[in-house]
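S.K.: Would you be able to build a 3D model of this:
(one chain, ligands or ions: 2)
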Amino acid sequence: MDLNDVIEQAISRTAPKWQSEADAAGASIHIKKDLDGIPLICGTPDELREVFTNLIFNAVDAMPEGGRIFFRSREVGKHIRLEMSDTGIGMSEETLRNCMEPFFTTKGKRGSGLGLAMSYGIIRRHGGSIETKSKPNKGTTFTIYLPVPEEVIEPADVEVEAKVDPLRVLVVDDHAAIREIVSAYLAEDRHTVETAADAREAMAKFRSDRFDLVITDRAMPEISGDELAASIKEMEPNKPVIMLTGFADLLTETGRRSENVDIIVSKPARLEDLRKAILKVVPKLKRRDSHLSAHSSSRPAAGSFFKRK
Ligand SMILES: Nc1ncnc2c1ncn2[C@@H]1O[C@H](COP(=O)(O)OP(=O)(O)O)[C@@H](O)[C@H]1O
Ligand SMILES: [Mg+2]
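M.R.: Numbering: from 1, shown residues only. Ligands and ions are numbered 1, 2, ... in the order given. The predicted structure follows:
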């Protein structure tokens, strides 16, 4: 894949949202690009686009009065170096130290604190690294290094895509940000999503509507995801339930699996994690043809994903 394409897509797909917000606030945001002809790399475009989407929204958040975002890509030795800087409010030393931590946010209820944690995870899984430099009132620069494969590669003919027909999914989480992220991921695969902020609302929706799948958080105030799963299975024993568990759950967990849950996915869940889980739990008849599910692993072996010369 071509990293420059992914950056262009992230910019053009996010622009309608941040441009209208900036316009409404009377601020203007300019994007400058210096994207060199860089070699192709091995990677998952969806995931890397997600990284730049996060970085762009963070930069926009940091520039309430407008400013500039600058992208520069270069081949440096055996790596691609991608710098992205903004002229925003920058970070304090403490924020800079913690910004990659899951759930760390300085945005109060508006923030999820997951954007950079997810981005960091994605870059690491691509064999790369990410550095952050920031000065209060000066701005922030992220520098991402991604390895260039030794062998010459040709882009894959087909992107790995969803192998499941569109489903009706009920997403339950007490955090609005997580409901939004999971819904956005599912929408990308053309699933129809309803959300509920707690188990009570979830059961009400589950009773009055038809769903193919329930995705629920575990730790929720009042009624837990485990109890919700039990109620669902009581009504419909074959209804697949996917549970999302956070870091806190891992600490308190006794290693016991809930018998009412078909599969557990740890947060922050990536699109690929959800796809994998869904593929495992949805009834066979919902899957597409077998020639497609032959490529069903989230990260196919290089041989099947890329044609090598
Ligand atoms: N470009 C940036 N400029 C200033 N601060 C930033 C920037 N990007 C991230 N941050 C800081 O890092 C924190 C964590 O970012 P992130 O993980 O994306 O979560 P969120 O955006 O939901 O707060 C932000 O709350 C903010 O304090
Ligand atoms: Mg963010």
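
S.K.: Mind telling me which residue of the stretch 101-250 of the chain is nearest ligand 2?
M.R.: Among the residues of the stretch 101-250 of the chain, G115 lies closest to ligand 2, at 2.9 Å counting by CB to the ion. Every residue, glycine included, has its C-beta placed from N, CA and C.

S.K.: isn't D86 right up against A62?
M.R.: Yes - here D86 lies in contact with A62, judged by CB atoms under 8 Å, at a distance of 5.8 Å.

S.K.: Going by how many neighbours each has, rank those two and give me the top one.
M.R.: D86 (26 against 18; other CB atoms under 10 Å).

S.K.: give the contact list for H191.
M.R.: By CB atoms under 8 Å, 6 or more residues apart in numbering, the contact list for H191 reads 166-169.

S.K.: ok, it to L213 distance?
M.R.: Shown here: H191 relative to L213, a distance of 8 Å by CB to CB, to the nearest Å.

S.K.: shared neighbours, those two?
M.R.: Listed as contacting both H191 and L213 by CB under 8 Å, 6+ apart are 167-169.

S.K.: Tell me which residues of stretch 219-234 come out buried.
M.R.: By neighbour count, with 16 or more other CB atoms under 10 Å as the criterion, the buried positions of stretch 219-234 are 220, 224-226, 228-229, 231-233.

S.K.: what residues does the stretch 1-150 of the chain put near ligand 2?
M.R.: Taking CB under 5 Å from the ion as the test, the list of the stretch 1-150 of the chain residues beside ligand 2 reads 58, 115.

S.K.: I181 versus the residue nearest to the spatial centre of the chain, what's the distance?
M.R.: Here the mean C-alpha position of the chain is nearest to the C-alpha of R270 (CA atoms, centre = their mean), at a distance of 4.6 Å. For R270, the distance to I181 equals 10 Å [CB to CB].

S.K.: Let me see the mean pLDDT of stretch 129-147.
M.R.: Taken as a whole, stretch 129-147 has a mean pLDDT of 97.

S.K.: How far away from the center of its chain is that stretch?
M.R.: For stretch 129-147, the distance from its own C-alpha centre to the chain's C-alpha centre is 20 Å (CA atoms, centre = their mean, to the nearest Å).

S.K.: cool, and stretch 72-80?
M.R.: Average the C-alpha atoms of stretch 72-80, do the same for its chain, and the two points are 25 Å apart (CA atoms, centre = their mean).

S.K.: which strands and helices sit next to the strand or helix carrying N54?
M.R.: Assigned by DSSP states H and E, N54 belongs to helix 45-61. Contact here means 3 or more CB pairs under 8 Å, 6 or more residues apart in numbering; DSSP states H and E; on that basis helix 45-61 packs against helix 3-24, strand 67-76, strand 79-86, helix 115-125, strand 139-147, helix 271-281.

S.K.: Adding distance to ligand 1, write those out as TSV.
M.R.: Output for those, formatted as TSV (distance: least, CB to the nearest ligand atom, whole Å):
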stretch	distance to ligand 1
helix 3-24	13
strand 67-76	9
strand 79-86	5
helix 115-125	3
strand 139-147	4
helix 271-281	17
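
S.K.: Now the weakest link among those, please, by mean pLDDT.
M.R.: Here the lowest mean pLDDT among the helices and strands packed on helix 45-61 goes to helix 271-281, at a mean of 88.

S.K.: so who does F57 touch?
M.R.: Applying CB under 8 Å, 6+ apart to F57 gives the contacts 14, 18, 115.

S.K.: Check M91 too.
M.R.: With contact taken as CB under 8 Å, 6+ apart, M91 is in contact with 99, 132, 134, 136, 140.
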